[in-house]
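Enquirer: A predicted structure for the sequence below; I have some questions about it.
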Amino acid sequence: MNPASLPVHERFINSIGDMPLEQYMRVRRHTETLVAPLNPEDMAAQSMPDASPAKWHLAHTTWFFETFLLSANLPGYRPFDPAYGYLFNSYYEALGPRQPRPQRGLLTRPSVGEILAYRRHVDAHMSTLLKSDLSTETEALLRLGLAHEEQHQELLLMDLLHLFSQSPITPAYDRRWPADEPGRSGRFKRLPGGLVEIGASAAPFAFDNEGPRHQVWLQPFEINDRLVTNGEWLAFMADGGYHRPELWLSDGWTLAQSGAWEAPLYWTRHGKHCQEMTLSGMRNIVADAPVTHVSYYEAAAYAEWAGARLPSEAEWELAARENLLEQADNVAWQWTRSAHSAYPGYRAAGGALGEYNGKFMVGQMVLRGGASATPVGHSRPSYRNFYRPEQRWMFSGLRLARDVGSVDAHTEAEDSFAADVVAGLSAWHKQLPPKYFYDTIGSRLFKEICQTDDYYVTRSETGLLGDIAGELAAGIPAGAVLVEFGSGDSAKTRRLLDAAPQLSAYVPVDISADALGEASAGLVRNYPKLHIAPVVADFTRPFQLPAAAEGHPRVGFFLGSTIGNFDRRGAVRFLRLAQQILGDQATLLVGVDLLKEEATLTAAYDDSQGVTAQFNKNVLLRINRELGGDFDPDAFDHLALWNAAYRRMEMYLVSRKDQIVNAAGHTFAFRSGERLHTENSHKFTVDAFAELAMEAGWAVTRTWTSDAPQVAVFRLESNITASPE
């Protein structure tokens, strides 16, 4: 069985279930497998004081067994070389002086061959020891030594990645090293808190800093079930995350500025694309893969920007034990907001091994989980990894948490999705809001729809914007902020940005963090003088504009005929909400699809390439991915109909048979031929839209229309004679 497929509480076990010698040899062989791709030059270099040469890791882990097991427990054992006690001691003061850590790379001798001989010598004597009856104390030392070597297996990979990242030819450690798998955005999971127990319980092994097990009181909280993605981090970067001191802890801000931090450690720009250095070499950034190699300071700044926080280690452990966390131990260690300090009742062991964790309980922050480079089975829910807050060469990422009392109901998108799915599938006429089309996959499919020959809306609107961009820009005051509702990839918006250099900032607002991050990164490159301040939000609900919009005139932008997705009451409600967000003196530019012949409309919503059908069915796949659904998309047909009475195109998914489906913990029945209503797209005349705008408190001051098939752009300004709702 693949260990990654096990529940977290089962996967987080470091078991020594077989014979001690077999376990010992398996761990030792794995270390040598890790260095097999390296040449002697690779193994001797040290890229920074925090890292160590690969051959030092080989020797130090061997020294550990020699010093703490063989010398004390195997009668007559003589050290391989007395000098190695100085060369390969790491930090044990009780064992005497040692080679300074920053100077480990100066040890050209002993050679790699001599160190491998050292390993064989110690392994042979360990074989003799482990064939004998082991005392309880010796077996405990063996477990510690094996866990220690597993730690160094991960450290070795971390140090090699940093070493290879310093080379101008960016060599790969292993071209076949797997990339972190992309996936959906995370969802917050709520936990009631209360009095809980954390820390190591009865298990084959745990480090001393994992205990004693003790009780902790937790307030109710929410924790995200997945890690923050590259796309979400790109949105943070595009919003000036590395240049906004209000987001950062003081020491972190000083460090970020002095170090000229602009992105996670191994990210670089190559032309229009961001790439990252990995163990398999340089790779393009994958938007919906987890972000890694960020410091605690960066993680805390991102959490502040996202309106959340980092979890405490107790919150993380509780959620892991409840099996609520995905990507818990196989991608990146996750920063917590907990300092590495002693648990109540902790006492360090006597002698040199008492220095293993106790001496580091200051100035370090706890990380939980495990990483792609962590040996399988090494971690467990109580594992307390720790690093200094400025360090980021390790495989470190983050997941968000938030206090229940601080969560506005309108921001709980994941709860809303589940609630809307349950309500919509339980209704007599089943339906879903169209906003749920736009996850990462849906956003990509919609871009493909816009490029089909049948879908005229994007083509007509883009052409119209190209013709009138100068006139639109002439109505934008100097220093204004452009706020786009449902920005998507911001492709059409660039025509206005090009024509309006007087804009001080652009605020793209979209429900898809990945699409927003990718688009914002491109905008930052192409418009270096324009402040790009993306907002991840459901624009149909109240949201806060970023600080960049304060004190500036605001111009709203709402394209793509998205206004047609609302019914009349919903459209009025949105237009009023837009006025509240933009302010009384604002302007709103709205793109509208005008009424036209049925054949053109039907072809646009049922394109000959079948992309719209994929887009429609993706909402079922999203339910499967995010809400534990079991929809079979092939059991449904895509249907697009013109409803003349309501002047709208309607999209449905039609059940091909009688079937039972499950989603969000509920069961739903579909009859053969039953329809799930997924979208409306209303079409307007110029007069009909002007009437709608007036009802919502806006007055139409200018209208531009395209050539056939016609779309229109309306310029709206506040109208104090608006009718009450």
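Expert: Yes, it's here. Numbering: from 1, shown residues only.

Enquirer: what is the distance between stretch 55-67 and the centre of its chain?
Expert: The chain centre lies 36 Å from the centre of stretch 55-67; the measure is C-alpha atoms, centre = their mean, to the nearest Å.

Enquirer: pLDDT wise, what is the closest residue to E149 other than its chain neighbours at?
Expert: Spatial nearest neighbour of E149, chain neighbours left out: T61 (4.4 Å); criterion: C-beta to C-beta, 6 or more residues apart in numbering. For the C-beta atoms, the positions are set from N, CA and C on the backbone; glycine is no exception. pLDDT recorded at T61 is 97.

Enquirer: make 47 the starting number, not 1.
Expert: In the new numbering, first residue 47, that becomes T107.

Enquirer: so how far is the helix or strand hosting T107 from its chain's centroid?
Expert: In this structure, T107 sits in helix 100-111 according to DSSP states H and E. Averaging C-alpha positions (C-alpha atoms, centre = their mean) puts helix 100-111 35 Å from its chain's average.

Enquirer: packing partners of it?
Expert: helix 66-81, helix 86-90, helix 130-133, helix 158-176, helix 182-211 (3 or more C-beta pairs under 8 Å, 6 or more residues apart in numbering; DSSP states H and E).

Enquirer: what sits up against it?
Expert: 77-78, 81, 84, 88-90, 92, 98, 130-131, 133-136, 150, 153, 156, 158, 161-162, 164-165, 168, 172, 191, 194-195, 198, 201-202, 205-206 (C-beta atoms under 8 Å, 6 or more residues apart in numbering).

Enquirer: show me the contacts for S93.
Expert: So S93 contacts 205, 208-209, 211-212 (C-beta under 8 Å, 6+ apart).

Enquirer: tell me the one of those residues nearest G610?
Expert: Nearest to G610, judged by C-beta to C-beta, of those is S211 at 49.5 Å.

Enquirer: thought the closest one was touching P310?
Expert: No - under the criterion of C-beta atoms under 8 Å, S211 makes no contact with P310, lying 11.7 Å away.

Enquirer: mind listing the helices for the stretch 547-696 of the chain?
Expert: 559-572, 614-628, 644-651, 657-673 (DSSP state H, counting those that start in this stretch).

Enquirer: same list (those) but as JSON lines, adding distance to S178.
Expert: Below are these laid out as JSON lines (distance: least, C-beta to C-beta, whole Å):
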{"stretch": "helix 559-572", "distance to S178": "57"}
{"stretch": "helix 614-628", "distance to S178": "75"}
{"stretch": "helix 644-651", "distance to S178": "77"}
{"stretch": "helix 657-673", "distance to S178": "53"}
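
Enquirer: coming back round to it: for burial, what's the neighbour tally of the residue nearest to E195?
Expert: Residues within reach of T107, counting by other C-beta atoms under 10 Å, total 27.

Enquirer: swap in Q705?
Expert: By other C-beta under 10 Å, neighbour count at Q705 equals 16.

Enquirer: cool, the one 5 residues further on as well?
Expert: The number of residues packed around A710, counting by other C-beta under 10 Å, is 17.

Enquirer: where does pLDDT dip in the stretch 197-346 of the chain?
Expert: 249, 317-318 (pLDDT under 70).

Enquirer: winner for burial among the helices and strands packed on helix 100-111?
Expert: Mean neighbours per residue, mean count of other C-beta atoms under 10 Å, is largest over those for helix 182-211, with a mean of 20.

Enquirer: just to check, V601 is in contact with V636?
Expert: No - between V601 and V636 there is no contact under C-beta under 8 Å: 11.6 Å.

Enquirer: need phi/psi at V422.
Expert: phi -60, psi 130 (degrees, to the nearest 10).
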